[in-house]
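Student: okay, sequence plus prediction incoming.
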Amino acid sequence: MESFNVFNRPLRIRPATQLDLDWLVDVDRRDEGVAWTNPRQWTDSEVRDHRRLVHSLIDADGARIAELDGVAIGTIMWRVRNLARTDPAHVFRQLDASLFPADGMFVEIFQLWVDPARRRRGVATALKCEVEAMARTRAIGLIYTHTEASNSHVLELNAKLGYREVRRGPIWDDIVRVSLVKRLQ
């Protein structure tokens, strides 16, 4: 667990536990993308499947919670992937294979969320740095993420942290998203 100073108070970043599952699922289902305009009703089956996915991320040590004064104000979730084991139709396969390390291992950031009242104050940066540190300890040399092309704040954050654009276009719907990668030393 790492501590950072944000809002002139200590920001604690800790591993998520199964006790955080409901909160993490709720945060992820909010889908607060810039292009998002209408809440979508999830079917019971979609909610169950999503809970299983988030549960698996927690079990795989792929989720962190940012807390301020003991209150969760942000999260980042990720999964370790191997390019050779991804579906040929996946967006990763649309990227130049030379972007990936020789072993094909990389981290895919699945979700980055900060409470709207706490944004643009370093919480997201601290969370992304936490994932980068974890990747380095596991000798993983690349991080992949994507965001909506209209989400200028997240694009600026990624540029500041050294991520570079490698693809622009729709992924699973008509919204244009920007795929970004960062090589780790």
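Tutor: Structure's in. What do you need?

Student: C-alpha from now on. contacts and neighbour counts both.
Tutor: OK.

Student: quick one, helices of the protein?
Tutor: 21-29, 44-59, 123-137, 152-160 (DSSP state H).

Student: identify all contacting residues around the second one.
Tutor: Read it as helix 44-59. With contact meaning C-alpha atoms under 8 Å, 6 or more residues apart in numbering, helix 44-59 is reached by 16-18, 21, 24-25, 63, 77-79.

Student: using TSV, lay out the helices of the chain together with mean pLDDT.
Tutor: Formatted as TSV, the helices of the chain follow (pLDDT from 0 to 100):
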stretch	mean pLDDT
helix 21-29	88
helix 44-59	90
helix 123-137	95
helix 152-160	93
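
Student: so which of the ones you listed gets nearest P10?
Tutor: Of all the helices of the chain, it is helix 123-137 that lies closest to P10, at 10.9 Å by C-alpha to C-alpha.

Student: contact partners of that closest one?
Tutor: Contacts to helix 123-137, defined as C-alpha under 8 Å, 6+ apart, come from residues 2, 4, 6, 11, 13, 64, 66, 74-76, 107, 112-114, 141, 143, 157, 161, 184-185.

Student: re earlier: of the contacts of helix 44-59, just the buried ones, PyMOL syntax please.
Tutor: Applying 16 or more other C-alpha atoms under 10 Å to the contacts of helix 44-59 leaves a buried subset, and the PyMOL line that selects it is:
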select buried, resi 16+17+21+24+25+63+77+78+79
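
Student: in CSV: the contacts of helix 44-59, plus distance to L127.
Tutor: Conversion of these to CSV gives the following (distance: C-alpha to C-alpha, whole Å):
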residue, distance to L127
A16, 12
T17, 16
Q18, 19
L21, 18
L24, 15
V25, 18
A63, 10
M77, 9
W78, 11
R79, 14
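
Student: in strands, which of the contacts of helix 44-59 fall?
Tutor: 63, 77-79 (DSSP state E).

Student: let's have the helices of the chain in JSON lines, adding distance to D173.
Tutor: Formatted as JSON lines, those follow (distance: least, C-alpha to C-alpha, whole Å):
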{"stretch": "helix 21-29", "distance to D173": "16"}
{"stretch": "helix 44-59", "distance to D173": "17"}
{"stretch": "helix 123-137", "distance to D173": "25"}
{"stretch": "helix 152-160", "distance to D173": "19"}
